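Colleague: I'd like to go over a predicted model; first the sequence, then the structure.
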Amino acid sequence: MPLPPAPTKRAALLSTEAFDAPARSPSRTTRKTEQAELAHKPPALELFDSRSTGGEAEHPVAYQAKESPRPGLTGSYHKDSAQPARPQPAPKAKKPKHSGPTKLFVLDTNVLMHDPMCLFRFEEHDIFLPMIVLEELDGHKKGMTEVARNARQTSRTLDALAGTSGADIAKGLKLDTTGHREAGGCLFFQTKVLDYSLPMSLPQGKADNQILGVVEALRKEYAPRAEGGSHPTGREVVLVSKDINMRVKARALGLATDDYQNDKTLEDGDLLYAGSLALPTDFWTRQSKTIESWQQGSHTFYRITGPIVGSLLINQFVFFEAPGEPPLYARVTEIRDKTAVLKTLKDYTHLKNAVWGITTRNREQNFAMNLLMDPEVDFVTLAGTAGTGKTLMALASGLTQVLDDRRYTEIIMTRATVSVGEDIGFLPGTEEEKMGPWMGALDDNLEVLGKNDSGSGEWGRAATNELIRSRIKVKSMNFMRGRTFLNKYVIIDEAQNLTPKQMKTLITRAGPGTKIICMGNLAQIDTPYLTEGSSGMTFAVDRFKGWPHGGHITLARGERSRLADFASEVL
């Protein structure tokens, strides 16, 4: 648009007609009209200004400064219209920094070997690495174990941070220079000999004691000036270690210490998503006026409203049991705003709905079988104590869908090869023969499933067993990298012994038409350094809850035998 006429007198106001001067082209007139309409809508104006290309910045400053006297415009428009004249900073992806003082975290070697990305998990706080930590990383980098891979990954990360332009180890390496915007602190290395004194009972040559000495020296250095330190107000120095004994020694020396918590999906195993929810006793009374129901095939659907919808998730099971009233067992299939749709379940406790001759014996088993037999559910996790029927139900539903329904081509079964006691050494044979001793649960359950076919005689059962074993492949997790499973029914047994990284590797092998079942007992973790909160199974359950094509159920009652059930409770 043309520039307005210059003021005739010094400090004179522009006339109102000058602002309404016609544009030179219709397209620019339209753009100006839209801009004037946006001026009366603060939210829309804010969106327009944030995306402005700065076209109005070409006008003289006098034109922008004199905009406020225009009739009908408020002071907020004057402020926003002048905004494009200044370059706008790009929106920051980082979280706002905390108002309190930043801390200095000294990392133990085991934290770096446990999680190579731990350097970027401390937000705005700084990290200090003693020289002995680098020595220990160098000593553990050789080999094909998970620890060796993590040590090498940590070394590559440190090299990338030190190799950025303008990096100065003496002043600290910025942790956000490699693209990790969530890390706002700096990384410091020990570049000089620190003066510290430890009790004579702690050997000076041990690596853990040297790290404790570094923490002690840093604590004195960053103490407030009033206490003899060099920091104006003082700075907290915290040792982070996965070694429990080292944390105990640090506390005995009066040093601040903490465990590395970022690897834990849940602080308490009791908070794990159970997959089912009991409806309140007054459910039907509250929903009697607003509930909608309809029939579709053999299932009944209910549309409910109310505060309970906020606590529901997709594919979560709900049940209502009250004396004198018919029970309700349903699954949440849809959640929209404040309404949810419940779908009644197929009753697998009845003999007519038996799966490969197996009927469920309790409520949670019926929930699990509905997930296992649903072709729309691609990922199922089953948790429960020993004897709850996890492997038996997974095998029975797999055989039915492979041999009868022809939904999948074969069953692939694998498990973490972590022994309970001492290792028995190398095993001879092929991959499947090596996995044989680990698959005793498979043989036991196949024996149970084979006994259900009593009408075909001995020859018929033998032929059936041969057919079953031809459709079940036992694979080792060591050779899963790079594979893609097409139309397979994959069973991952003893999933509680997997790390989150291993769990991700296995789940991402799934191709089109593949279903994955993870089973495990979080009370029987045999992998060192894994807990209920950091297990890969806990990680998968927590991340997949609420996904429309995934489901989880925790089996509560043991059905193996009265002896096994009693032992699980008292031992």
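Modeller: Done, it's in.
Colleague: Show me where the stretch 351-500 of the chain has its strands.
Modeller: Along the stretch 351-500 of the chain, counting by DSSP state E, counting those that start in this stretch, strands occupy 379-384, 410-415, 472-474, 488-493.
Colleague: again, but for the stretch 151-300 of the chain
Modeller: Going by DSSP E, counting those that start in this stretch, the stretch 151-300 of the chain shows strands at 173-174, 186-189, 237-240, 256-258, 276-278, 292-296, 299-305.
Colleague: which of these is buried the deepest?
Modeller: When you average the neighbours per residue for each of these (mean count of other C-beta atoms under 10 Å), strand 237-240 leads with a mean of 24. (C-beta placed from N, C-alpha, C; glycine too.)
Colleague: any idea of the mean pLDDT in that strand?
Modeller: Across strand 237-240, the average pLDDT comes to 94.
Colleague: same for it, what does it pack against?
Modeller: Applying 3 or more C-beta pairs under 8 Å, 6 or more residues apart in numbering; DSSP states H and E, we find strand 237-240 packed against strand 104-107, helix 207-221, helix 244-252, strand 256-258.
Colleague: and of the strands of the stretch 151-300 of the chain, who's closest to Val570?
Modeller: Checking these against Val570 by C-beta to C-beta gives strand 276-278 as the closest, at 25.4 Å.
Colleague: List the buried residues in the longest helix belonging to the chain.
Modeller: Longest helix in the chain, counting residues (DSSP state H): helix 146-162. Under the neighbour-count criterion of 16 or more other C-beta atoms under 10 Å, helix 146-162 has Asn150, Ala151, Arg152, Gln153, Thr154, Ser155, Thr157, Leu158, Leu161 buried.
Colleague: Columns mean pLDDT on top of the strands of the stretch 351-500 of the chain, output as a markdown table?
Modeller: What follows is these, written out as a markdown table (pLDDT from 0 to 100):
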| stretch | mean pLDDT |
| --- | --- |
| strand 379-384 | 95 |
| strand 410-415 | 90 |
| strand 472-474 | 85 |
| strand 488-493 | 94 |
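Colleague: right, so of those strands, which gets closest to Gln524?
Modeller: Closest approach to Gln524 among these is made by strand 379-384 (10.8 Å; C-beta to C-beta).
Colleague: So which residues make contact with that closest one?
Modeller: 272, 364, 368, 371-372, 390, 393-394, 495, 507, 510, 515-522, 537, 540-541, 544, 547, 549-556 (C-beta atoms under 8 Å, 6 or more residues apart in numbering).
Colleague: just to revisit the earlier point, so which of the strands of the stretch 351-500 of the chain gets nearest Pro428?
Modeller: Taking the strands of the stretch 351-500 of the chain one by one with C-beta to C-beta, strand 472-474 is closest: 15.6 Å.
Colleague: packing partners for that closest one?
Modeller: By 3+ C-beta pairs under 8 Å, 6+ apart, strand 472-474 packs against strand 410-415, helix 431-435, helix 440-451.
Colleague: can you tell me the helix or strand for the nearest residue to Pro500 once chain neighbours are set aside?
Modeller: Once flanking residues are discounted, Pro500 sits nearest to Phe539: 4.1 Å by C-beta to C-beta, 6 or more residues apart in numbering. Secondary-structure element containing Phe539, defined by DSSP states H and E: helix 536-544.
Colleague: what comes into contact with the helix or strand that that helix is followed by?
Modeller: With elements assigned by DSSP H and E, the helix or strand that comes after helix 536-544 is strand 550-555. With C-beta under 8 Å, 6+ apart as the test, strand 550-555 has contacts from 272-276, 315, 317, 364-365, 367-368, 371, 374, 377-385, 388-390, 541, 544-545.
Colleague: ok, back up a step: which of the contacts of strand 379-384 are buried?
Modeller: 272, 364, 368, 371-372, 390, 393-394, 495, 507, 510, 515-522, 537, 540-541, 544, 550-555.
Colleague: re earlier: can you check which of the strands of the stretch 151-300 of the chain gets nearest to Ile412?
Modeller: Among these, the nearest to Ile412 by C-beta to C-beta is strand 276-278 (28.2 Å).
Colleague: what helices or strands is that closest one leaning on?
Modeller: With 3+ C-beta pairs under 8 Å, 6+ apart as the test, strand 276-278 has strand 317-320 packed against it.
Colleague: what's the offset of the strand it packs on from the middle of its chain?
Modeller: Mean-position distance between strand 317-320 and its chain equals 26 Å (C-alpha atoms, centre = their mean, to the nearest Å).
Colleague: Note down every partner strand of it and its orientation.
Modeller: Applying DSSP bridges to the sheet, strand 317-320 is found paired with strand 276-278 (parallel), strand 328-336 (antiparallel).
Colleague: Restricting to C-alpha, output the last one in PDB.
Modeller: The C-alpha trace of strand 328-336 is given here as PDB (Å, rounded to 0.1, in the frame of the first residue of the first chain):
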ATOM      1  CA  LEU A 328     -21.300 -57.400  33.800                       C
ATOM      2  CA  TYR A 329     -18.000 -58.100  32.100                       C
ATOM      3  CA  ALA A 330     -17.100 -55.700  29.300                       C
ATOM      4  CA  ARG A 331     -14.200 -54.000  27.500                       C
ATOM      5  CA  VAL A 332     -13.800 -50.300  26.700                       C
ATOM      6  CA  THR A 333     -13.900 -49.900  22.900                       C
ATOM      7  CA  GLU A 334     -14.300 -46.100  22.500                       C
ATOM      8  CA  ILE A 335     -13.800 -43.000  24.500                       C
ATOM      9  CA  ARG A 336     -15.000 -39.600  23.300                       C
END
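Colleague: Tell me how this protein divides into domains.
Modeller: Taking automatic domain parsing as the reference, the chain has its domains at 16-75, 104-258, 271-344, 358-570.
Colleague: Span of the third one from start to end?
Modeller: This stretch, domain 271-344, spans 27 Å end to end (C-alpha to C-alpha, to the nearest Å).
Colleague: for the record, mean pLDDT for it?
Modeller: 90.
Colleague: Now find how far off-centre that domain is within its chain.
Modeller: Domain 271-344 sits 27 Å away from the centroid of its parent chain (C-alpha atoms, centre = their mean).
Colleague: sorry, back to before: kindly write the PyMOL command that selects the buried subset of the contacts of strand 550-555.
Modeller: If you want just the buried ones from these in PyMOL, going by 16+ other C-beta under 10 Å, the selection is:
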select buried, resi 272+273+274+275+276+315+317+364+365+367+368+371+374+377+378+379+380+381+382+383+384+385+388+389+390+541+544+545
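Colleague: just the buried residues of helix 146-162 now: which is nearest Thr191?
Modeller: For these, the nearest to Thr191 is Leu158 (14.0 Å; C-beta to C-beta).
Colleague: Quick check: Leu351 vs Gly357, distance?
Modeller: 9 Å (C-beta to C-beta, to the nearest Å).
Colleague: higher neighbour count, these two?
Modeller: Each of Leu351 and Gly357 had its neighbours counted (other C-beta atoms under 10 Å), and the higher figure belongs to Gly357 (16 against 8).
Colleague: Any regions of the stretch 451-571 of the chain where pLDDT drops low?
Modeller: 452-457, 459-461 (pLDDT under 70).
Colleague: ranges for the helices of it?
Modeller: Taking DSSP state H, counting those that start in this stretch as the test, the helices found in the stretch 451-571 of the chain are 457-470, 500-507, 536-544, 562-570.
Colleague: highest average neighbour count across those helices?
Modeller: Buried most deeply of these, by mean count of other C-beta under 10 Å, is helix 536-544, with a mean of 23.
Colleague: what packs against it?
Modeller: So helix 536-544, by 3+ C-beta pairs under 8 Å, 6+ apart, packs with strand 379-384, helix 500-507, strand 515-520, strand 550-555.
Colleague: out of these, which comes closest to Ala252?
Modeller: Closest among the helices and strands packed on helix 536-544, using C-beta to C-beta: helix 500-507, at 32.7 Å.
Colleague: And the contacts of the closest one?
Modeller: Applying C-beta under 8 Å, 6+ apart, the set of residues contacting helix 500-507 is 146, 263, 265, 379, 414, 416, 477, 480-481, 490, 492, 495, 498, 516, 518, 534, 536-537, 539-540.
Colleague: same thing but 10 Å
Modeller: When contacts are defined by C-beta atoms under 10 Å, 6 or more residues apart in numbering, helix 500-507 is touched by residues 115-116, 146, 149-150, 263, 265, 378-379, 414, 416, 477, 480-483, 485, 490, 492, 495, 498-499, 516, 518, 527, 530, 534-540, 543-544, 550.
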